[in-house]
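got a predicted structure plus its sequence, pasted below:
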Amino acid sequence: MRASLIQIAVDEDESVESRRRRVASLVRDQAGADLVVLPELWTTGAFAFEEFGSEAEPLEGPTHEVMAKAASDAGVWLHAGSVPERAPDGTLYNTSLLFSPSGELAASYRKIHRFGFDKGEAVLMGRGEDLVTVRLPETTVGVATCYDLRFPELFRGLVDAGAETLVIPAGWPERRRAHWTLLARARAVENQAFVLACGTAGTHARVPQAGHSIVVDPWGEVLAEAGADEEILTVEFDPGKVSVTREQFPALKDRVL
């Protein structure tokens with residue numbers, strides 16, 4: 001299976017509309033991949049809190065339209081990262097969109113763990129409630145977003161729902177980059193699953209981003225890792241390694257809690 005993680009740089013001088021067009025072109029360039037992954041809140045920047053309200057869009061808004069067309073043109077499964085969604089009742093959510101190769105919306109996921117403690121996303125956005133998995137031809141994908149990575153219980157739930165590949169778009173800050181790598185490997189090892197974690201480059205509202213998108217196998221081995229700048233990280237991996245790992249070292253069968 002071939003996956004491409006597009007580590008987008010968010011430049012405050014680039015309009016959201018221009019960035020949508022540019023990213024759609026990058027997605028089209030990945031024709032031949034099985035799965036393409038974009039980062040969290042790449043339209044606005046994950047730390048551009050003041051932009052969430054003005055740039056929020058309905059689920060089937062402009063990002064949906066542009067990314068559905070890009071997925072269809074490239075013939076790829078596309079995890080289009082997340083956007084600030086405005087629900088019909090006015091509530092904002094950090095919502096991920098996943099499209100099939102025909103451009104259909106296969107799933108959406110509202111981020112459950114909101115970052116910021118008593119400010120930012122934590123107070124501006126509503127909390128999602130549902131775990132989301134999607135069956136691709138070669139693997140079942142479990143979806144999480146950025147700060148979710150710190151909460152292992154969520155990933156246990158995804159594994160219980162059949163997830164074999166964990167896809168995590170993020171806008172992770174550079175100052176906590178060591179945690180990003182550590183937690184991505186931990187989630188892979190403890191769940192005996194592939195982890196595809198796609199971050200952003202650049203600076204969001206004066207917060208430098210970590211970059212370093214990473215792909216980890218079920219044994220915790222890093223298959224590929226990006227640098228700090230905008231980059232497309234492409235990796236080939238065998239989804240069958242999940243079942244082999246779980247059979248050879250059946251730790252999940254010994255779970256008590």
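That came through, no problem.

so how far is Ala31 from Gly199?
Applying C-beta to C-beta, to the nearest Å, the value for Gly199 to Ala31 is 23 Å. Using the backbone N, CA and C atoms, a C-beta is placed for each residue, glycine as well.

so if I had to pick from those two, which one is more boxed in?
Gly199 (30 against 11; other C-beta atoms under 10 Å).

roughly how far apart are the closest residue in space to Gly32 that isn't next to it in sequence and Leu154?
In space, Gly32 comes closest to Arg2 once its chain neighbours are excluded; the distance is 7.0 Å by C-beta to C-beta, 6 or more residues apart in numbering. Per C-beta to C-beta, Arg2 is found 27 Å from Leu154.

so which elements touch the worst-scoring helix or strand of the chain on mean pLDDT?
In the chain, the helix or strand scored least confidently by mean pLDDT, DSSP states H and E is strand 201-204, which has a mean of 91. Counting contacts by 3 or more C-beta pairs under 8 Å, 6 or more residues apart in numbering; DSSP states H and E, strand 201-204 packs against strand 9-10.

what's near enough to touch His179?
Contacts for His179 (C-beta atoms under 8 Å, 6 or more residues apart in numbering) come out as Arg150.

that one belongs to a helix?
Yes: applying DSSP: H, G, I helix; E, B strand; the rest coil, one finds His179 inside a helix.

alpha carbons of the longest strand along the chain, as PDB, please.
Longest strand in the chain, counting residues (DSSP state E): strand 77-86. Extracted as PDB, the C-alpha positions of strand 77-86 are listed here (Å, rounded to 0.1, in the frame of the first residue of the first chain):
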ATOM      1  CA  TRP A  77      -8.500   7.800  -0.800                       C
ATOM      2  CA  LEU A  78      -8.000  11.300   0.700                       C
ATOM      3  CA  HIS A  79      -8.000  12.200   4.300                       C
ATOM      4  CA  ALA A  80      -8.300  15.900   3.700                       C
ATOM      5  CA  GLY A  81      -7.100  16.900   7.200                       C
ATOM      6  CA  SER A  82      -9.600  19.000   9.200                       C
ATOM      7  CA  VAL A  83     -11.400  22.200   8.800                       C
ATOM      8  CA  PRO A  84     -13.300  24.500  11.200                       C
ATOM      9  CA  GLU A  85     -16.800  23.300  10.700                       C
ATOM     10  CA  ARG A  86     -19.900  25.400  11.500                       C
END
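
in that strand, what's buried?
By neighbour count on 16 or more other C-beta atoms under 10 Å, the buried set for strand 77-86 is Trp77, Leu78, His79, Ala80, Gly81, Ser82, Val83, Pro84, Glu85, Arg86.

how about those residues in JSON lines, adding distance to Gln209 and pLDDT?
Output for the buried residues of strand 77-86, formatted as JSON lines (distance: C-beta to C-beta, whole Å; pLDDT from 0 to 100):
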{"residue": "Trp77", "distance to Gln209": "25", "pLDDT": "98"}
{"residue": "Leu78", "distance to Gln209": "21", "pLDDT": "99"}
{"residue": "His79", "distance to Gln209": "18", "pLDDT": "98"}
{"residue": "Ala80", "distance to Gln209": "18", "pLDDT": "98"}
{"residue": "Gly81", "distance to Gln209": "13", "pLDDT": "98"}
{"residue": "Ser82", "distance to Gln209": "15", "pLDDT": "98"}
{"residue": "Val83", "distance to Gln209": "17", "pLDDT": "98"}
{"residue": "Pro84", "distance to Gln209": "17", "pLDDT": "98"}
{"residue": "Glu85", "distance to Gln209": "22", "pLDDT": "98"}
{"residue": "Arg86", "distance to Gln209": "25", "pLDDT": "98"}
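
wait, which of those residues is closest to Ser243?
Trp77 (20.3 Å; C-beta to C-beta).

which non-adjacent residue is nearest the closest one?
Nearest non-adjacent residue to Trp77, counting by C-beta to C-beta, 6+ apart: Leu35, 4.7 Å away.
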